[in-house]
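>>> 3D model of this:
(one chain, ligands or ions: 2)
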Amino acid sequence: MYKNKISIVGTGYVGLVSGVCLADFGNSIINVDIDEEKVAKLNQGEVPIYEQGLKELLERNLKDERISFTTDSQEAMEESEVIFIAVGTPPNDDGTADISSVLKVARQVGKYMDGYRVVVNKSTVPIGTGRKVAEVIEEELEKRGENYNFDVVSNPEFLREGRAVNDFTDPDRVVIGTESEEAQEIMTEIYRPLFLDDVPFVFTNLETAETIKYASNAFLASKISFINEMSRLCEQVNADVNEVAQAMGLDSRISHRFLRAGPGYGGSCFPKDTRAIVSMAEEAGIDLELIKTGIQVNREQKEYMADKIINELGSGEEGSQLAGMTIGVLGLSFKPETDDMRESPALTILPRLIKEGAAIQAFDPEAMKNAAECLDEYERDIVYCANEYDVMKNVDAVVLLTEWNQFRRLDFERLKRVVNQPVFFDLRNVYNEKEVAPRGIRYIGVGRAARPAEKSEKI
Ligand SMILES: NC(=O)c1ccc[n+]([C@@H]2O[C@H](COP(=O)([O-])OP(=O)(O)OC[C@H]3O[C@@H](n4cnc5c(N)ncnc54)[C@H](O)[C@@H]3O)[C@@H](O)[C@H]2O)c1
Ligand SMILES: O=c1ccn([C@@H]2O[C@H](COP(=O)(O)OP(=O)(O)O[C@H]3O[C@H](CO)[C@@H](O)[C@H](O)[C@H]3O)[C@@H](O)[C@H]2O)c(=O)[nH]1
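Ligands and ions are numbered 1, 2, ... in the order given. Below you'll find the predicted structure:
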């Protein structure tokens, strides 16, 4: 049985969730970060991100002393035979992934290791990075005149924000890319509860594992762009995209998952990883046309949603279409159950509405602090409200932007009483025209059948 300590460098979504969950699997974890404040809070059991179930799991494993947090990477790396790299790989301006933090950690491994080490890349890194990590470690060892043995493993992470603990502890697969049998055995021990639970393990080489991560994200992102493009067609031909997606999904080769039309995908992964795979393919002389088009469709979809609102409500006067109007916005994060605003459709749609003269009243259960930071240049145009019904007060339209559970059962009678104009844009197709329109509220979804002519006049 594998007994040594494991270092996990990085305490973001991936590093922290991996650390806490692997501790819960019975491993002894040292979680390292350069952020002193974060480390101090984590040692007190405070979780800096909003993630279901994480706090309870952290508290339990801190109490049982299976996990600790530190800024001292040297001590952590000296004490651990296995070192996970889970630091950020943000996009450079040209779309390529910035792997400087990953290589920095690799350099530290080379500096501090004092025996055999398994270095596990959990960050999403360009194909070939595993080999670079090995080179950097070799360089450092050479400088020291040492010749310790080590293996590099690619172990990409597939968790979703908001469901991270669940995804980590009940994954569809675990991918382990390494040519070393010893490292493979150690990795299997670390994930032993999943291995025993018959979770599929994919053992492959470094490059294949790195490619699996990008290919998976690019496929899912393209699937969303596909249905979003279909939604535009549906609007023109009196079809309903929800029904189309549902029926398509009944074909098990297609599956209905990730086939929900909406305002476009956001978040820290799909936008960044699709751009990165396109860049790395270009470097390899390959033009990923399909993925490039998916990215373009997604960019357009966010604008298309803003156009939808402006065209429906606007005066026709370019630049001041929405002058004097107030629009209520429900949800700001890129998806429910997270406070993450990265690449959220709200960051495209709200500025467009404001530029056309609208004032915004908005509410999000978790993301308002982050939203206020991201949208600080529009500070004077956005009022952040206490709840969904305050958002609706005296507005000229309500826009459902993120499908938080509490927005899935709105009191439309109350909405009608407090709004100035009863217009409801449902950008996540949570409702449908049949249930909303009979209450005297104009309903506009995404890719839904065009309304009958007599109902389509503006109110
Ligand atoms: N967020 C997700 O849902 C998700 C899912 C799968 C994969 N990924 C990938 O995992 C990686 C990490 O993503 P994240 O969302 O956890 O990032 P994040 O930005 O939330 O966290 C990164 C953490 O690493 C720390 N850090 C940076 N440099 C460091 C260093 N040299 N030493 C120690 N700590 C350092 C930062 O302080 C930060 O706490 C990325 O490559 C990302 O693409 C993310
Ligand atoms: O049918 C769908 C499904 C998702 N989305 C949008 O797609 C984005 C991403 O959603 P989701 O995949 O749930 O969130 P992430 O946390 O970004 O997770 C993705 O990115 C992670 C980081 O790489 C991967 O680990 C996960 O497997 C992958 O799902 C969000 O804006 C969603 O609103 C849709 O519009 N329609």
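
>>> Contact distance from ligand 2 - what residues of the stretch 301-450 of the chain qualify?
334-335 (CB under 6 Å from any ligand atom). Yep, even glycine has a C-beta here, placed from its N, CA and C like the rest.

>>> Quick one: low-confidence residue ranges for the stretch 201-350 of the chain.
For the stretch 201-350 of the chain, no stretch has pLDDT under 70.

>>> Check the gap between the closest residue to ligand 1 within it and Leu206 for me.
Closest approach between the stretch 201-350 of the chain and ligand 1, counting by CB to the nearest ligand atom: Ser268, at 4.9 Å. As judged by CB to CB, to the nearest Å, Ser268 and Leu206 stand 24 Å apart.

>>> quick one: contacts for the spatially most central residue of the chain?
Geometric centre of the chain, nearest residue: Gly267, 3.9 Å, by CA atoms, centre = their mean. Residues in contact with Gly267, defined by CB atoms under 8 Å, 6 or more residues apart in numbering, are 161, 334-335, 340, 342-344.

>>> Ligand 1 next: which of the residues you listed are close?
Glu161.

>>> which of the contacts of Gly267 are buried?
Taking 16 or more other CB atoms under 10 Å as the criterion, what is buried in those is 161, 334-335, 340, 342-344.

>>> So Phe69, which state does it fall into?
Three-state assignment for Phe69 (DSSP: H, G, I helix; E, B strand; the rest coil): strand.

>>> Look up the closest residue to the residue in the stretch 1-150 of the chain that ligand 1 sits nearest to, ignoring the ones flanking it.
Going by CB to the nearest ligand atom, ligand 1 is nearest to Gly12 of the stretch 1-150 of the chain, at 1.8 Å. Once flanking residues are discounted, Gly12 sits nearest to Gly88: 6.3 Å by CB to CB, 6 or more residues apart in numbering.

>>> Mind checking what secondary structure the one you found has?
Per three-state DSSP, Gly88 ends up coil.

>>> hang on, isn't it packed against Ser101?
Yes. At 6.0 Å, Gly88 counts as touching Ser101 under the criterion of CB atoms under 8 Å.

>>> contacting residues around stretch 60-71?
By CB under 8 Å, 6+ apart, stretch 60-71 touches 11, 19-20, 23-24, 26-36, 39, 42-43, 45, 58, 76.

>>> Apply 7 Å and report the result again.
Applying CB atoms under 7 Å, 6 or more residues apart in numbering, the external contacts of stretch 60-71 come out as 11, 19-20, 23-24, 27-34, 36, 39, 42-43, 45, 76.

>>> Look at that stretch and report the distance between its end residues.
Stretch 60-71 has an end-to-end distance of 22 Å (CA to CA, to the nearest Å).

>>> Now do it: distance to the chain's middle.
In terms of CA atoms, centre = their mean, to the nearest Å, the gap separating the centre of stretch 60-71 from the centre of its chain is 26 Å.

>>> Return the set of buried residues in it.
61-62, 66-70.

>>> Now pLDDT too, for these, in JSON lines please.
Formatted as JSON lines, those follow (pLDDT from 0 to 100):
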{"residue": "Asn61", "pLDDT": "97"}
{"residue": "Leu62", "pLDDT": "97"}
{"residue": "Arg66", "pLDDT": "97"}
{"residue": "Ile67", "pLDDT": "98"}
{"residue": "Ser68", "pLDDT": "97"}
{"residue": "Phe69", "pLDDT": "98"}
{"residue": "Thr70", "pLDDT": "98"}
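
>>> What about Glu300, how many residues nearby?
16 (other CB atoms under 10 Å).

>>> For Thr293, see how far away it is.
For Glu300, the distance to Thr293 equals 10 Å [CB to CB].

>>> about what we covered before: contacts only, for the nearest residue to the residue of the stretch 201-350 of the chain closest to ligand 1 once chain neighbours are set aside.
In this structure, Ser268 finds its nearest non-sequential neighbour in Arg342, 4.5 Å apart by CB to CB, 6+ apart. The neighbours of Arg342, taking CB under 7 Å, 6+ apart as the test, are 266-268, 334.

>>> Can you give the distance from the top helix by length along the chain to the centre of its chain?
As assigned by DSSP state H, the longest helix anywhere in the chain is helix 206-237. Taking CA atoms, centre = their mean, one finds the center of helix 206-237 at 14 Å from the center of the full chain.

>>> That helix packs against which elements?
Using 3 or more CB pairs under 7 Å, 6 or more residues apart in numbering; DSSP states H and E as the contact test, the elements touching helix 206-237 are helix 129-144, strand 150-154, strand 174-177, helix 241-249, helix 270-283, helix 289-313.

>>> ok, now with 6 Å
The contact analysis (3 or more CB pairs under 6 Å, 6 or more residues apart in numbering; DSSP states H and E) places helix 206-237 against strand 150-154, strand 174-177, helix 241-249, helix 270-283, helix 289-313.
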